[in-house]
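J.: I'll drop the sequence and a predicted model, then ask my questions.
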Amino acid sequence: MKQQEDAVRKSLEKQRELEEVEREFRQLKRQQEDLLARFGNAWRGNLSENKLGAIALDLNQEQRMTQKKLYSLDDQLQAEHKQAKADVERAKEAKADATH
């Protein structure tokens with residue numbers, strides 16, 4: 001049962017780490033948007049608009065891929081946590097049954 005409780009605890013720790021990564025990701029996204037805006041203000045003209053547009057598309061694609069990975073990790077962690085909690089409950093039930 002201790003092993004299952006450790007698994008639940010580790011699952012919660014992983015969830016907290018993932019939430020921290022997501023917060024950092026959102027902050028990085030805001031910084032990138034700010035940087036693009038600053039470059040756009042500093043570098044005027046049609047060529048700059050095209051370049052900035054291409055850069056923004058690349059950044060957006062990379063952000064979507066990263067967000068997709070984060071969602072996948074979150075789903076995986078939630079499944080692990082659910083399984084660990086179920087294992088703890090089964091262990092408790094088995095212990096209770098053994099004492100009867």
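T.: Nice, thanks for sending it over. Numbering: from 1, shown residues only.
J.: Report all helices and strands that the helix or strand harbouring residue 60 contacts.
T.: Element membership for residue 60 (DSSP states H and E) is helix 46-99. Using 3 or more CB pairs under 8 Å, 6 or more residues apart in numbering; DSSP states H and E, the elements in contact with helix 46-99 are helix 2-42. Glycine gets a C-beta too; all of them are placed from N, C-alpha and C.
J.: other SSEs contacting the helix it packs on?
T.: Against helix 2-42 (3+ CB pairs under 8 Å, 6+ apart) you get helix 46-99.
J.: any idea of the mean pLDDT for the helix it packs on?
T.: Averaged across helix 46-99, pLDDT comes to 85.
J.: ok now that helix, how far from the chain's centre?
T.: With CA atoms, centre = their mean, to the nearest Å as the basis, helix 46-99 stands 5 Å off its chain's centre.
J.: And for residue 94, the neighbour number?
T.: Residue 94 has 11 neighbours, counted by other CB atoms under 10 Å.
J.: what's the distance between it and residue 4?
T.: Separation of residue 94 from residue 4 (CB to CB, to the nearest Å): 11 Å.
J.: next one: residue 98
T.: According to CB to CB, residue 98 stands 15 Å off from residue 4.
J.: between those two, which one's more packed in?
T.: residue 4 (18 against 7).
J.: Leaving aside the residues adjacent along the chain, what's closest to the most centrally placed residue in the chain?
T.: Nearest to the mean C-alpha position of the chain, counting by CA atoms, centre = their mean, stands residue 70 at 3.3 Å. Closest residue in space to residue 70, ignoring its immediate chain neighbours: residue 22 at 5.7 Å, by CB to CB, 6 or more residues apart in numbering.
J.: And the pLDDT at the one you found?
T.: 89.
J.: One more: residue 43?
T.: pLDDT recorded at residue 43 is 67.
J.: buried stuff in stretch 9-21?
T.: When burial is assessed from 16 or more other CB atoms under 10 Å, stretch 9-21 yields the following buried residues: 11, 14, 15, 18.
J.: Please name the residues that touch the nearest residue to the first one once chain neighbours are set aside.
T.: Counting by CB to CB, 6+ apart, residue 11 lies nearest to residue 81, which is 3.8 Å off, once chain neighbours are set aside. Shown in contact with residue 81 (CB atoms under 8 Å, 6 or more residues apart in numbering): 8, 11, 12, 15.
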